[in-house]
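**Student:** the amino acid sequence is not available; the structure is as follows:
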Ligand SMILES: O=C(O)CCC(=O)C(=O)O
């Protein structure tokens, strides 16, 4: 479908899983009532608590959280991107941070595990060691839907342009960035990075975020949907909300025709160690 409405759901997820799921259900219902065919949730939408509580709240996929989302995808006949949840897996003691995409029949069509884990020490901001408790994903995921071709990423992935470039070269037209971005970094980096990824890859970026104060840090919010020209089509206000914007893949094609930067690349030159080798 060339034109449709997409929704980015902004949530203030806390440590009571059932309440979080009820809020997600209400907000998904609102997005569907407003005509969205594709609805996207934020990172760790079903639980945000202390790292100690995370394990007890993690689930296999499919599991209870995804089952509840399946019912909603079927009920509203929508594509539902389930932000991310902490996923238990038999091969590791740690947890994956995993996105699941459901089609309008409630079938899982893709699963993406966060590739870049947030291991940082911010002066004057939070210290994060995501890899202490989480396992690294191993695959880039791009998949077809009847709305267009979509690519996956989560939060800190946003800082790695290589990932987005590969997804664009693999044909992605829309890229998800579910997030729980820190206030400390988000106030300076969230919007410019989202707009840069949209402009340089000429993609729609659908970025639903967490808002509010969590156990470990305060999140930035400002969920948005950005078009392939870099325009912010919809921006969430403070608090929980649903941002709805039109996705127009004919517009995306026109942008790519006008500025064929994806075609004008020089992969023959893009190699580390090449700088200054010959003029
Ligand atoms: O990259 C950042 O500044 C924030 C990333 C983050 O909060 C996360 O990946 O959970």
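**Tutor:** Okay, I see it. Model, not experiment: these values are computed from the prediction.
**Student:** quick one: contacts for residue 51?
**Tutor:** Residues near residue 51 by C-beta atoms under 8 Å, 6 or more residues apart in numbering: 132, 133, 216. C-beta: built from backbone N, CA, C; applies to glycine.
**Student:** neighbours around residue 3, how many?
**Tutor:** If you count neighbours by other C-beta atoms under 10 Å, residue 3 ends up with 12.
**Student:** my read is that it contacts residue 246, right?
**Tutor:** Yes - taking C-beta atoms under 8 Å as the definition, residue 3 is a contact partner of residue 246 at 6.4 Å.
**Student:** hmm, back to that, out of the contacts of residue 51, who's the most crowded?
**Tutor:** Most surrounded of the contacts of residue 51: other C-beta under 10 Å gives residue 133, at 17 neighbours.
**Student:** just confirm that one contacts residue 92, I think it does.
**Tutor:** No - here residue 133 lies out of contact with residue 92, judged by C-beta under 8 Å, at a distance of 10.7 Å.
**Student:** residue 205 belongs to a strand?
**Tutor:** Yes - judged by DSSP: H, G, I helix; E, B strand; the rest coil, residue 205 forms part of a strand.
**Student:** who does it bridge with?
**Tutor:** Counting by DSSP bridges, residue 205 forms beta bridges with residue 175, residue 226.
**Student:** quick one: it from the ligand, how far?
**Tutor:** 15 Å (C-beta to the nearest ligand atom, to the nearest Å).
**Student:** now do the contacts for that residue.
**Tutor:** Counting by C-beta under 8 Å, 6+ apart, residue 205 has contacts 174, 175, 177, 194, 195, 197, 198, 224, 225, 226.
**Student:** closest to the ligand out of those residues?
**Tutor:** residue 177 (10.2 Å; C-beta to the nearest ligand atom).
**Student:** run a quick neighbour tally on the closest residue to that closest one other than its chain neighbours.
**Tutor:** Among residues not flanking residue 177 along the chain, residue 207 sits closest, at 4.1 Å (C-beta to C-beta, 6 or more residues apart in numbering). When neighbours are counted by other C-beta under 10 Å, residue 207 registers 31.
**Student:** of all the contacts of residue 205, which two lie farthest apart?
**Tutor:** 174 and 195 (15.1 Å; C-beta to C-beta).
**Student:** give me the more crowded residue out of the two.
**Tutor:** residue 174 (24 against 18).
**Student:** for that one, give me its contacts.
**Tutor:** Contacts of residue 174 (C-beta under 8 Å, 6+ apart): 6, 38, 147, 148, 149, 150, 151, 203, 204, 205, 206, 247.
**Student:** before we move on, what about residue 165?
**Tutor:** Contacts of residue 165 by C-beta under 8 Å, 6+ apart are 200, 201.
**Student:** tell me the spacing between it and residue 96.
**Tutor:** Between residue 165 and residue 96 the computed distance is 24 Å (C-beta to C-beta, to the nearest Å).
**Student:** swap in residue 258?
**Tutor:** Distance from residue 258 to residue 96, by C-beta to C-beta: 39 Å.
**Student:** and these two? Which one has more around it.
**Tutor:** More crowded of residue 258 and residue 96, by other C-beta under 10 Å: residue 96, with 24 against 10.
**Student:** you'd agree the more buried one is up against residue 114?
**Tutor:** Yes - using C-beta under 8 Å, residue 96 is in contact with residue 114, at 7.2 Å.
**Student:** overlap in contacts, these two.
**Tutor:** 134, 137.
**Student:** what's the nearest residue to residue 145 if we skip its chain neighbours?
**Tutor:** Residue 145 sits nearest to residue 79 (C-beta to C-beta, 6+ apart), 5.8 Å away.
**Student:** count of neighbours near that neighbour?
**Tutor:** Residue 79 - counted by other C-beta under 10 Å - has 22 other residues nearby.
**Student:** my guess is it meets residue 147, correct?
**Tutor:** Yes - applying C-beta under 8 Å, one finds residue 79 in contact with residue 147, separated by 6.2 Å.
**Student:** which residues are common contacts for those two?
**Tutor:** What both residue 79 and residue 147 touch, as defined by C-beta under 8 Å, 6+ apart, is the set 37, 38.
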